[in-house]
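Trainee: Task: produce atomic coordinates for the following.
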Amino acid sequence: MASAGFLLLYGSQTGQAEAIAKDLKSDAAEHGIECRLKCMDDVMDRSAKFEGEKVVVMVCSTTGTGDAPDNASKLLRRVNSKKHPSDHLSHLKFAVLGLGDTNYSDFCMTPRKFHSRFLELGATEFYPAGWADDGTGLDVVVEPWKEGFWPALATALDSSAPTAAGAATTPQLETTPSATSLEGAKISVAAAVLAAPTYDALIATLEQQLAALRGGGNAAPASQPKPPVAGPAASLPSEIHGVEMSQLKLPKLQPEYLVADFTGTAPAPEAATCVEQYVPAVLHSRKVLTAPGAVKEAFSVTLTFTEKIEYAPGDTFAIACPNDPAEVAATIKHLELDDATLDAPLRLAVADGTKKRGAALPAHLTGAGLTARVCLTAALDLRTPLPKSAIRVLAEYATDMKEQAEMLFLCSRQGGTDYSVACTEGGASLIALLKKFPSCKVPLTRLLEVVPCMRPRRYSAASSPLAGDTDVRFILNVEDHGLCSNWLNACGVAAGVKGATTKENLAHACVPQGGVVRVFLTKAPDTTEATLPVVPLYREMHAARFNLPEDSSIPLILCGAGTGVAPMIGFLQHRRLQKQAEPDRVFGETWLFFGCRNESKDYLCRDELEAYLKDGTLTQLHSAFSRDEGATCYVQDNITTHGAAVATMMAEKGGCLYACGSTGCVDSLDNAVTSILVTHLKVTRDAAIDMKIKWKESGQIRVESFGASTTHDH
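Mentor: This is a model prediction of the structure:
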């Protein structure tokens, strides 16, 4: 029975919150509930009162360090307006599903702000908020949250739940009465059967029997069939890891909805609209910044654009990179795809008769130039942890019953701990799962349906546009599992001093948020640069949250650990060039607190920093080395030593503090600033924390942090 419906809003920076919101919309249709899906900023009115809405559900992520996604920032600002009375949203019922990452400080900050502000404005929370952690796997929280959401929503809408009370997760399969022997037929499936891993197979069998009775045949979308079970007596084990198979709580099996055409005769789907447009840039130079023996090798790269690009020091750029060639080759081998299939024009379409409600072609799989090889090379992310719903689909294609049982356990509620460990240790990615479960021969179309699209990797600019408006510099580490940083490093190594590349014609694609696959070659179209790699990237259009203040007289306190010094290098270059161009302009003090492991091995950009100190761009430079024998020191130790001056600059002179580094480093710095304020301003700890909150909101404290599981790197 259709209800009055609800408004479902998403705020998404990388597309994960949007994807979850779209799944909820699809599920709403199955529950007979009208769902109006909107991006947060698309529904904005200046009153932010949601006139005419009774129930609002929000799925929202956090980007940067506690910042709102670009498409949610306007709504957050308007909701936070102090003009609203305390009963502004008293007519509203709401629920929040927040996405975050505990590798970052300020976990789920943006959805938590929405949550608390809605309560302050009189809205009623009809279902407890869920706080999902990308560091351990979003599905660990998302799936249980969704399970209890529907009966709570039905109650909030003052309409009957889809099923009887207490059985909201136990659906019934109903057939349409006919004039034949099916008249009045109704097939009910008990809860115990629903929980069994064979439930989907049972439903498929029942549907086939009903279709045969009607004479209608099978209306399932055409795709590669599930491989036959090996041997007539093959069956799932009765239990797995001490849990009976019939008791596993599994995600719903997603229906098939894509069909593929490799003949090249089908028309290419119209390209989806890009939110961001990638621009190709030539990787022009690479320089190693660390000495031999450093724990991590750091390097800088300079990318040169074919035209002027507007940016400010501290801006973040998103770079599209391909999957690791060895992992692509392993996936191709596992799927048993031949070259003819891999390189034939691929045209995808939504299958007629699919049972997936609201099925639509994924935006990253549209446009011309698409092939199976391009999809596996750069359209799909082979390394990201798969959601449980995707693993549930893959399990259907494991012909080894022990392997299938393991995969079903991994995606079950009972296997939550195993799934979290797999996400943390890289065992839940497509490449890892195919390696662990070799009997899983999943069709290409099913992979395209369930494997997440490749997301760009984000890096802070380490340069100033005043030095050249076609060049941008970045500073990165070579990481064991760093996909983009390793690719950029390999491109630079391959190009070498003379620019000789070993991969001149390897095509790859890039997938912007909500956008299309765009294919570039790893050699520039310009014949003068024909041997240098091309890197697709775009500047992220964020609010100026990590840029210099317009007033150059404001003192700067810069804190950068390791490659977190990258944006600070850009700031210093910018200030030097400003001083040279405007000698009469007033500039405030600039202090830099830098930290690394060893002074002799990974003191990044030391010559540059000392040159800035010598010419007066830097007022003071304080370096800390955490692994040097007898001189262990961290950035937070040095800033604490100079706490009196730091407190004076911030409290009396309006100084801005910038911090960039790993989550652990940034958190330690945050604690150090609290102690400095307590000690030197003679305030309580609570008062110091309140001061920091206000300074963060006003931009006087600006933070960029990065963790191992994120796609924001330095």
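
Trainee: Below-threshold pLDDT in the stretch 501-650 of the chain: ranges please.
Mentor: 501-544 (pLDDT under 70).

Trainee: okay but Thr302 is in contact with His284, surely?
Mentor: Yes: counting by Cβ atoms under 8 Å, Thr302 touches His284, with 5.0 Å between them. For glycine as for every other residue, the C-beta is placed from the backbone atoms N, C-alpha and C.

Trainee: what is in contact with the two at once?
Mentor: Asp471 (Cβ atoms under 8 Å, 6 or more residues apart in numbering).

Trainee: Next one: Pro69 from Val586, what distance?
Mentor: In this view, Pro69 and Val586 are 37 Å apart by Cβ to Cβ, to the nearest Å.

Trainee: Of the two, give the one with the bigger neighbour count.
Mentor: Taking other Cβ atoms under 10 Å, Pro69 and Val586 do not tie; Pro69 has more neighbours (26 against 9).

Trainee: For that one, give me phi and psi.
Mentor: Per-residue torsions, Pro69: phi -60, psi 150 (degrees, to the nearest 10).

Trainee: Next, count neighbours for the nearest residue to it once chain neighbours are set aside.
Mentor: Excluding its sequence neighbours, the residue lying closest to Pro69 (Cβ to Cβ, 6 or more residues apart in numbering) is Gln13, at 4.0 Å. Using other Cβ under 10 Å, Gln13 is surrounded by 26 other residues.

Trainee: that's a strand at Gln13, yeah?
Mentor: No: checked against DSSP: H, G, I helix; E, B strand; the rest coil, Gln13 lies outside a strand; its state is coil.

Trainee: quick one: pLDDT of it?
Mentor: If you check Gln13, the pLDDT there is 79.

Trainee: I figured it was touching Asp70, is that so?
Mentor: Yes: assessed by Cβ under 8 Å, Gln13 is found in contact with Asp70 at 6.5 Å.

Trainee: which residues do these two both contact?
Mentor: By Cβ under 8 Å, 6+ apart, Gln13 and Asp70 have these common neighbours: Thr63.

Trainee: what residues are up against Leu618?
Mentor: Listed by Cβ under 8 Å, 6+ apart, the contact set of Leu618 reads 572, 590-592, 609, 612.

Trainee: among these, which are in helices?
Mentor: Taking DSSP state H, the ones among those that sit in helices are 572, 609, 612.

Trainee: Export those to JSON lines and append columns for distance to Leu258.
Mentor: As requested, the ones in helices among the contacts of Leu618 are exported to JSON lines (distance: Cβ to Cβ, whole Å):
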{"residue": "Leu572", "distance to Leu258": "51"}
{"residue": "Leu609", "distance to Leu258": "53"}
{"residue": "Tyr612", "distance to Leu258": "55"}
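
Trainee: Compare these and tell me which is most surrounded.
Mentor: Leu572 leads the ones in helices among the contacts of Leu618 on contacts (other Cβ under 10 Å) with 26 neighbours.

Trainee: these two touch, right, it and Thr617?
Mentor: Yes: counting by Cβ under 8 Å, Leu572 touches Thr617, with 5.5 Å between them.

Trainee: Determine the residues that are contacts of both of these two.
Mentor: Contacts common to Leu572 and Thr617, judged by Cβ under 8 Å, 6+ apart, are Thr590.

Trainee: Tell me the strands beside the strand ranked longest in the chain, with direction?
Mentor: When the chain is parsed with DSSP state E, its longest strand is strand 279-288. Strand 279-288 has its sheet partners listed here by DSSP bridges as strand 298-305 (antiparallel), strand 534-539 (antiparallel).

Trainee: For that strand, buried residues please.
Mentor: Using 16 or more other Cβ atoms under 10 Å as the test for burial, strand 279-288 gives 279-286.

Trainee: Repeat that for stretch 303-313.
Mentor: With the criterion 16+ other Cβ under 10 Å, stretch 303-313 contains buried residues 303-305, 309, 311-313.

Trainee: first to last residue in it, what's the distance?
Mentor: 15 Å (Cα to Cα, to the nearest Å).

Trainee: Show which residues not belonging to that stretch make contact with it.
Mentor: With Cβ under 8 Å, 6+ apart as the criterion, stretch 303-313 contacts 279-284, 317, 461, 463-465, 469-474, 526, 535, 537, 539, 544, 547-548, 567, 570-571, 573-574.

Trainee: what does the average pLDDT come to for it?
Mentor: For stretch 303-313, mean pLDDT is 84.

Trainee: ditto for stretch 669-682
Mentor: pLDDT averaged over stretch 669-682 gives 95.

Trainee: Next: stretch 390-402.
Mentor: Regarding stretch 390-402, the rounded mean pLDDT is 95.
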